[in-house]
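Asks: the following block contains a protein sequence and its predicted model.
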Amino acid sequence: MNSALGTELASAGRRQRQLQLWFYVGVPLLIGFFLGWTQVGRAAEWPKYVSLLYWMGVSFGSLFFLELLTPPFAGILRPRGVPLWITLIIAQVIIGWLAILPVMRFFTESVQSLLPLALAHPLQDGSLSSVLQKLPTNIVTWVGINLLFFYGLGMERFGYKPPARPSPTFPGSIDPATTEAQSEAGRSGQAATEVSPPAFLSRVRDERRGALLALQADGHYLHVHTDAGCDMILYRFSDALGELPDAEGMRVHRSWWVAERAVDGGEKGEKLILVNGVTVPVSRSYRVQVRERGWLS
């Protein structure tokens, strides 16, 4: 089962990287090509190759600055429960005004230097009102595409974890994890669903994924302890417990669940010392069951 779990988690990581490739390269390429080829806005009278150059630069340049500068806003707003779409709008307005607009003015001026003077257009002024005028269009593009990839395709965005759902497989791709899991289930006489990992593990960062050792509730968040480290995700403790079979471990405290494989580290009074060195309290209401399992003397 551990081999199937590791394979499934590795597959989830590959799907995330596949989504990132589409988001960071495919989306701006398609948007820039469409706007450049149809010669939208100030490029209406420009030669088509100049229009393509301009809109490709705007598309990739805007994405670069938004990706680079949005994380600090998310780091402040996300822990306070602010939804992703609000974080995106706030970051977009501020970054668009302070960073993207000045750089795009310089870029537009450089592109227009390639044109006859008669085809040049006045540059956008640097006021906040000019940014707000374009906000509806920006919402449709930046915010709308982010929410599509987040909710529709399950891509993580700026530390926000998407709702648990099966990750998509793009047309023509083969998911080796699914094939391997099905083969292993066939050899052992078990259904493929029996080797599927808990849904909450797909939200753990790739570098922290491994054999599950313990879970710790922290309000609406969940600390997931594995043999590769610890990660905090937005997930209800009760939902996570419902995804874990009893044979894997047990709840030892109102805020703690411990895996069977993690209790070899010993005990200290009424506390468990896990193999990763983490000390876990055992509450009175669970003490009898913990002793019966042999975890406490």
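Replies: Arrived safely, thanks for sending.
Asks: quick one: the helices in the chain?
Replies: 2-21, 27-37, 48-77, 84-95, 101-112, 128-133, 135-138, 144-147, 176-188, 237-242, 284-292 (DSSP state H).
Asks: mind listing what's buried in the second one?
Replies: Buried residues in helix 27-37, defined by neighbour count with 16 or more other CB atoms under 10 Å: Val27, Pro28, Ile31, Gly32, Leu35, Gly36. From N, CA and C alone the C-beta is placed, and that goes for glycine too.
Asks: which one of the residues you listed is nearest Leu234?
Replies: For those, the minimum distance to Leu234 (CB to CB) is 25.0 Å, reached by Val27.
Asks: who touches the closest one in this structure?
Replies: Neighbour list for Val27: Leu63, Ile145 [criterion: CB atoms under 8 Å, 6 or more residues apart in numbering].
Asks: let's see 6 Å
Replies: The contact partners of Val27, by CB atoms under 6 Å, 6 or more residues apart in numbering, come to Ile145.
Asks: so how far is Phe65 from it?
Replies: Using CB to CB, to the nearest Å, one gets 15 Å for the distance from Val27 to Phe65.
Asks: same thing with Ser110?
Replies: Distance, Ser110 to Phe65, by CB to CB: 17 Å.
Asks: who's more crowded, these two?
Replies: Just comparing Ser110 and Phe65: by other CB atoms under 10 Å the higher neighbour count belongs to Phe65, 17 against 12.
Asks: which ones are touching that one?
Replies: Under the criterion of CB under 6 Å, 6+ apart, the neighbours of Phe65 are Ile95, Ala99, Ile100.
Asks: what's the closest of these to Lys48?
Replies: Closest approach between the contacts of Phe65 and Lys48, by CB to CB: Ile100, at 24.6 Å.
Asks: now that closest one, nearest residue through space, not along the chain?
Replies: With CB to CB, 6 or more residues apart in numbering as the measure, Phe65 is the residue that lies nearest to Ile100, at 5.1 Å, once sequence neighbours are left out.
Asks: show the pLDDT at the one you found.
Replies: You'll see Phe65 listed with a pLDDT of 88.
Asks: out of the contacts of Phe65, who's nearest Leu272?
Replies: Sorting the contacts of Phe65 by how near they are to Leu272, with CB to CB, puts Ile95 at the top with 46.6 Å.
Asks: for that closest one, give its distance to Gln20.
Replies: To Gln20, Ile95 is 20 Å away according to CB to CB.
Asks: more neighbours: the two, which one.
Replies: Summary of the neighbour comparison: Ile95 and Gln20, criterion other CB under 10 Å, with Ile95 having more neighbours (22 against 13).
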